[in-house]
Each structure stands twice: as C-alpha cells, then as structure tokens.
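A.B. asks: this one's structure only:
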C-alpha cells in the first residue's frame with residue numbers, strides 16, 4: 001500500500017514537472033519572438049559627427065512624429081532611387097515597414113539621417129516641395 005502510494009505521488013510529481021517545463025519553454029519562446037530589437041547603422045561619412053552636433057533631443061518630438069516623417073522621407077527617397085534620372089546619393093533602397101515598430105531610437109536616428117542627407121547634398125526630401 002505504501003509502495004503504491006509512493007509510486008502514485010512520484011508519478012504525479014514527474015507529470016507536473018514535465019507540464020511546468022513545457023509551459024516555461026513556451027513562454028520563453030513567445031517572449032523571444034516578441035522582443036525583436038532593431039538598430040540603425042549609418043555608413044555615410046560624416047554622419048556621426050553631424051548627428052552629435054546638429055540633432056535635437058530625442059524628446060523634442062514624439063515617436064509618432066518621427067514615424068510619420070520617416071514614412072514620407074522613405075517614400076520620396078525610394079521614388080528617387082527607382083527613377084534613373086536622380087542618381088547619387090539615391091543608390092540604395094531604404095526598407096521601412098510601417099507595420100513594424102522599430103522603436104524610438106531607430107526612428108529618431110533615421111529621421112536625423114534624412115536631415116543629414118538633405119544638408120550634405122543640399123536637397124529637399126519633403127514631397128511638399130514638389131518633384
């Protein structure tokens with residue numbers, strides 16, 4: 001009787017441990033999928049020093065503000081990239097997915113990257129200025 005009781009508790013203990021292990025693994029996998037982080041690395045010469053001296057504080061505008069401008073700037077940049085007449089500096093496509101949340105750090109830096117390119121090449125990416 002005691003032997004059967006011991007076997008019964010041992011079996012329940014093993015089942016409960018394996019169930020808890022599956023729950024923990026599932027939660028860890030879900031958290032890993034939800035915690036994608038993005039980083040923007042700019043290779044344009046002079047950007048880092050210009051960024052350090054010309055940017056406004058991150059809180060100067062809202063995250064939504066940076067996102068909205070990045071959509072406009074990216075659309076105009078990619079339009080110029082796809083149009084052969086524009087040439088340099090539009091020699092690469094910028095992929096900016098509006099369905100993704102890149103985080104304020106990436107959106108902030110991308111916004112200032114566009115400002116840097118406008119300054120460096122004396123151009124306007126604002127589509128309101130016309131094509």
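C.D. replies: Sure, I can see it. On a predicted model such as this, the values are computed, not experimentally measured, just so you know.

A.B. asks: drop to CA atoms for contacts and neighbour counts, all remaining ones
C.D. replies: Fine.

A.B. asks: ok, now which ones touch residue 96?
C.D. replies: In this structure, residue 96 makes contact with 70, 71, 74, judged by CA atoms under 8 Å, 6 or more residues apart in numbering.

A.B. asks: check what pLDDT the first one gets.
C.D. replies: The reference is to residue 70. Note on residue 70: pLDDT of 96.

A.B. asks: that one: neighbour count?
C.D. replies: 22 (other CA atoms under 10 Å).

A.B. asks: for residue 35, see how far away it is.
C.D. replies: 22 Å (CA to CA, to the nearest Å).

A.B. asks: you'd agree residue 71 is up against residue 99?
C.D. replies: No: in this structure, residue 71 is not within contact of residue 99 by CA atoms under 8 Å, at 11.1 Å.

A.B. asks: the two - which one has more neighbours?
C.D. replies: More neighbours surround residue 71 than the other of residue 71 and residue 99, with 15 against 6 (other CA under 10 Å).

A.B. asks: how about the strand or helix carrying that one: buried residues?
C.D. replies: Residue 71 belongs to helix 63-82 when assigned by DSSP states H and E. Of all the residues in helix 63-82, those buried under the rule 16 or more other CA atoms under 10 Å are 66, 67, 69, 70, 73, 74, 75, 76, 77, 78, 80, 81.

A.B. asks: please name the nearest non-neighbouring residue to the last one.
C.D. replies: Spatially, and ignoring its direct neighbours in sequence, residue 81 is nearest to residue 90 (4.9 Å; CA to CA, 6 or more residues apart in numbering).

A.B. asks: so the one you found, which of the three states?
C.D. replies: Classification of residue 90 using DSSP: H, G, I helix; E, B strand; the rest coil returns coil.

A.B. asks: and it, what are its phi and psi?
C.D. replies: Note on residue 90: backbone dihedrals following degrees, to the nearest 10 are phi -90, psi 50.

A.B. asks: how is this structure partitioned into domains?
C.D. replies: Taking automatic domain parsing as the reference, the chain has its domains at 1-35, 47-129.

A.B. asks: compare those and say which comes out lowest on pLDDT.
C.D. replies: Lowest mean pLDDT within the domains of the chain: domain 1-35, a mean of 43.

A.B. asks: give me every residue that touches the spatially most central residue of the chain.
C.D. replies: With distances taken as CA atoms, centre = their mean, the residue of the chain nearest its centroid is residue 102 (2.3 Å). Applying CA under 8 Å, 6+ apart to residue 102 gives the contacts 37, 38.
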